[in-house]
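**Q** got a sequence here, can you build the structure:
(one chain, ligands or ions: 1)
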Amino acid sequence: MSEKKQQVSRRQFLNYTLTGVGGFMAAGMLVPMLRMAVDPVLQPSAAGELVNVKIAVDDLTNEPQRVDWKIDQVDAWYESKVDKAAWVYKDDNGDVVALSPICKHLGCFVSWEGSEEFPDQFYCPCHGGRYTKDGVNVPHTPPNAPLDVYETKIKDGMLFLGEAKPQGEA
Ligand code: FES
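**A** Coordinates of the predicted model:
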């Protein structure tokens, strides 16, 4: 009687075999689909790469000038072009300084000498925020932190800019 119990019937054998083969085939189809769905999220971001902003370092002066460029941004499955901008100049030592134009108060765009009232300063038109040439916020104006500073690199005489980071971290 116990011998009879341990025997596998033809029906059971077919069930086991078909379940096993079916499961194997389903896994073979699902794994590539899952990988395709999740892969973009796992890819390292392009953020942090330095980009040639198409300006020769020799053309920079001690007067901040606006530089605009675009970067390709991949956000998981969504690819887009993002506009970037910086205020770039050479400091007294001849070193390149690249400041973010994004106001640290509420994110408006600051301009060099944007107000006739405050020459030699960055000015934010939204709430009258001001920064000195090195990007430090003027006390008693709305911004409570200096402008972010871009990571810079010079290659073959051309300026490359990376990520903008808070001053002190860059
Ligand atoms: S956003 Fe620049 S001062 Fe408010």
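**Q** what's opposite Arg66 in the beta bridge?
**A** Trp87 (DSSP bridges).
**Q** which residues touch it?
**A** 85-88, 101, 112 (CB atoms under 8 Å, 6 or more residues apart in numbering). For every residue, glycine as well, the C-beta is placed using N, CA and C.
**Q** then Gly129?
**A** Per CB under 8 Å, 6+ apart, neighbours of Gly129: 103-105, 108, 110, 123, 137-138, 141-143.
**Q** out of the contacts of Arg66, who's the most crowded?
**A** Counting neighbours by other CB atoms under 10 Å, Ala86 leads these with 26 neighbours.
**Q** now name the helix or strand holding the closest residue to it other than its chain neighbours.
**A** In this structure, Ala86 finds its nearest non-sequential neighbour in Ala98, 4.5 Å apart by CB to CB, 6 or more residues apart in numbering. Counting by DSSP states H and E, the element that carries Ala98 is strand 96-99.
**Q** who touches the following helix or strand past that strand?
**A** Toward the C-terminus, strand 96-99 is succeeded by strand 111-112 as the next helix or strand (DSSP H and E). By CB under 8 Å, 6+ apart, the residues outside strand 111-112 that reach it are 63-66, 87, 101, 121-123, 125.
**Q** and the next helix or strand past strand 111-112?
**A** strand 122-124.
**Q** quick one, domains of this protein?
**A** 2-42, 51-165 (automatic domain parsing).
**Q** I figured the residue nearest to Ala86 hits Lys84, correct?
**A** No: with contact defined as CB atoms under 8 Å, Ala98 does not reach Lys84; the gap is 10.5 Å.
**Q** the two - which one has more neighbours?
**A** Counted by other CB under 10 Å, Ala98 and Lys84 do not tie: Ala98 has more neighbours, with 24 against 18.
**Q** got a pLDDT number for the more buried one?
**A** Listed pLDDT for Ala98 reads 98.
**Q** what pairs with it across the strands?
**A** Beta-bridge partners of Ala98, as defined by DSSP bridges: Val88.
**Q** use 24 as the first number from now on
**A** With 24 as the first residue, the last one maps to Ala121.
**Q** Val31 versus that one, what's the distance?
**A** As judged by CB to CB, to the nearest Å, Ala121 and Val31 stand 74 Å apart.
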